[in-house]
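**Q** what follows is a protein structure lacking sequence information:
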């Protein structure tokens, strides 16, 4: 009897890859090359091997710092980032309207404000809500008033939850984009002191690395997905590669020791695939300038494959 192929148990999905080479949200340069690094690592071909139908929409146009003035030191390049995220959000809506799953490649994590705005708007037009799984070493819930650096890549979840900055929070003129009870942070381990109060204000669910250490990845992910999925059409998954330990993902914007291991990261993605309710997916903060032989981009592709249904057997 012939052995089934790896893709035999996977329901084919139409996927549109969208690159957002934005690096205005942080001070360490190089994440603008993240989309290219992930493409070079074979994302499209490997998804197609699983049986998915993939098209690449290219990159959203992004300003570069050399062309612009940073503006407000408490929210640097906010206008340019908001413009990029608005264009990106509109493309995400169009992608969902054609029945395709957006697979977004960042860029720094400020692109997440645009992705979530687009997904939330598409489902809002159908009187539905979405959930959000924010998988990251950081909470990214600063505002211009609380940020110690003024770097907007530390603010996208603050914008999504309606805390600010207002320009980024009000894409499509509604806020918050996700209800607090459906927003879940997974694997955080590096939170600014003032930011902790923002987490409490927002009322979102948080699982730290200690929770994963004590209770295991499976328990944490099952609880997280239940919360994100409760009363929603499904959820967006935002994966910051700095969530993974720098031993396995050295090429990231802001590495922090003590992250998810290689296998823990795959398990989390496999559980997401098992639940089958992922509406959209993004990978951010891959920085090939400080990577080793594109290792982090290769891992990003492998994790995306797991999220889209690849199994060991």
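**A** That came through fine. Fair warning: this is a prediction, and the values are worked out from it, not measured in the lab.

**Q** host element of the most centrally placed residue in the chain?
**A** The chain has residue 238 as the residue nearest its centroid, 2.2 Å off, counting by CA atoms, centre = their mean. Element membership for residue 238, per DSSP states H and E: strand 235-240.

**Q** quick one: residues in contact with the helix or strand just after that strand.
**A** Sequence order places helix 262-275 as the next helix or strand after strand 235-240, per DSSP H and E. By CB atoms under 8 Å, 6 or more residues apart in numbering, the surrounding residues in contact with helix 262-275 are 133, 135, 186, 212, 217-218, 221-222, 225, 229, 237, 243-244, 248, 260, 278, 299, 302-304, 306-311. C-beta here means a position set from N, CA and C on the backbone, and glycine is covered the same way.

**Q** among these, which lie within helices?
**A** 212, 217-218, 221-222, 225, 229, 299, 302-304, 306-307 (DSSP state H).

**Q** one step back: partners of the strand holding residue 238 in the sheet?
**A** strand 131-135 (parallel), strand 278-284 (parallel) (DSSP bridges).

**Q** out of these, deepest packed?
**A** Highest mean neighbour count of those: strand 131-135, a mean of 28 (counted as mean count of other CB atoms under 10 Å).

**Q** which residues touch that strand?
**A** With CB under 8 Å, 6+ apart as the criterion, strand 131-135 contacts 112, 116, 140, 157, 160, 177-178, 182-187, 224-225, 227-230, 232, 234-240, 243, 268, 272.

**Q** go again using 6 Å as the cut-off
**A** 157, 178, 182-187, 228-229, 232, 235-239, 243 (CB atoms under 6 Å, 6 or more residues apart in numbering).

**Q** please, where are all the helices along the stretch 51-200 of the chain?
**A** With DSSP state H, counting those that start in this stretch as the criterion, the stretch 51-200 of the chain has helices at 78-97, 111-124, 156-160, 166-169, 195-202.

**Q** now do the SS call for residue 27.
**A** Three-state call for residue 27 (DSSP: H, G, I helix; E, B strand; the rest coil): coil.

**Q** pLDDT wise, what is it at?
**A** According to the prediction, residue 27 has pLDDT 81.

**Q** what's the burial count for it?
**A** Per other CB atoms under 10 Å, the neighbour tally for residue 27 reads 14.

**Q** now it: closest residue in space, sequence neighbours ignored.
**A** Closest residue to residue 27 apart from its sequence neighbours, by CB to CB, 6 or more residues apart in numbering: residue 151 at 6.0 Å.

**Q** can you count the residues close to that neighbour?
**A** Counted with other CB under 10 Å, the neighbours of residue 151 add up to 22.

**Q** please apply the same query to residue 270.
**A** Residue 270, neighbours per other CB under 10 Å, totals 19.

**Q** from residue 264, how far out is it?
**A** 11 Å (CB to CB, to the nearest Å).

**Q** now render the helices of the stretch 51-200 of the chain as TSV, adding mean pLDDT.
**A** Below are the helices of the stretch 51-200 of the chain laid out as TSV (pLDDT from 0 to 100):
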stretch	mean pLDDT
helix 78-97	98
helix 111-124	98
helix 156-160	98
helix 166-169	97
helix 195-202	92
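
**Q** so which of those is the most packed in?
**A** Each of the helices of the stretch 51-200 of the chain was scored by mean neighbour count; the highest is helix 156-160, a mean of 31, by mean count of other CB under 10 Å.

**Q** any idea how far that helix is from the middle of the chain?
**A** Distance, stretch centre to chain centre, for helix 156-160: 12 Å (CA atoms, centre = their mean, to the nearest Å).

**Q** please apply the same query to stretch 267-279.
**A** Distance of stretch 267-279 from its chain centroid, counting by CA atoms, centre = their mean, is 14 Å.
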